[in-house]
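S.K.: got a predicted structure here, sequence first:
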Amino acid sequence: MSLLPSLLPWAVAAWLLGVGLYGIVTSRNFVHLIGCLSVVQSSTYVLLLSVGFRTGGIAPIFYTHPPGTPAVDPMVHALVLTDVVVGATVTALLLALILQLHKRRGTVDPEALRPMQP
């Protein structure tokens, strides 16, 4: 049995996390920052799905399979779906805030923003 298939999802999740964090650190635009944040969140999707995966596992419907048959964990898939919904909501909220910032200040560059005057 090769070790590569079991480590590949973990490596992909780590790569997505690294690329997203690099983009967050080097971003000079709030819209780009939100895009990089969604890339970081997609690494959690890959990580959660790799945790729930079983080699040779089937769908967890056991009326046609004998007891003890390896199955994929359905709870992890539910967590990923919840993570997708929360991620889409947070992204939409952040983009709406950036739109308001652009309307009021005229820029989405974090370096160009001055502190607000009272």
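M.R.: Looks like it came in fine.

S.K.: tell me the secondary structure for P66?
M.R.: coil (DSSP: H, G, I helix; E, B strand; the rest coil).

S.K.: show me what counts as buried in the lengthiest helix in the chain.
M.R.: Longest helix in the chain by number of residues (criterion: DSSP state H): helix 74-105. Buried residues in helix 74-105, counted by 16 or more other Cβ atoms under 10 Å: V76, L79, V80, G87, L94, I98. Placement of C-beta: from N, CA and C, glycine included.

S.K.: so where's this structure shaky on pLDDT?
M.R.: Flagging of the chain using pLDDT under 70 yields the residue ranges 1-5, 62-63, 116-118.

S.K.: swap the cut-off to 80 and go again
M.R.: Counting by pLDDT under 80, the chain contains low-confidence ranges at 1-6, 52-73, 114-118.

S.K.: before we move on, the earlier item: reformat the buried residues of helix 74-105 as JSON lines; add distance to W10.
M.R.: Output for these, formatted as JSON lines (distance: Cβ to Cβ, whole Å):
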{"residue": "V76", "distance to W10": "14"}
{"residue": "L79", "distance to W10": "17"}
{"residue": "V80", "distance to W10": "16"}
{"residue": "G87", "distance to W10": "20"}
{"residue": "L94", "distance to W10": "28"}
{"residue": "I98", "distance to W10": "33"}
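
S.K.: which among those gets closest to V25?
M.R.: L94 (17.3 Å; Cβ to Cβ).

S.K.: would you confirm that the closest one contacts I34?
M.R.: Yes: between L94 and I34 there is a contact under Cβ atoms under 8 Å: 5.0 Å.

S.K.: okay, and A14 sits in which element?
M.R.: helix 4-26 (DSSP states H and E).

S.K.: buried residues, that helix. List them.
M.R.: Buried, per 16+ other Cβ under 10 Å, within helix 4-26: P9, A13, L16, L17, G20, G23, I24.
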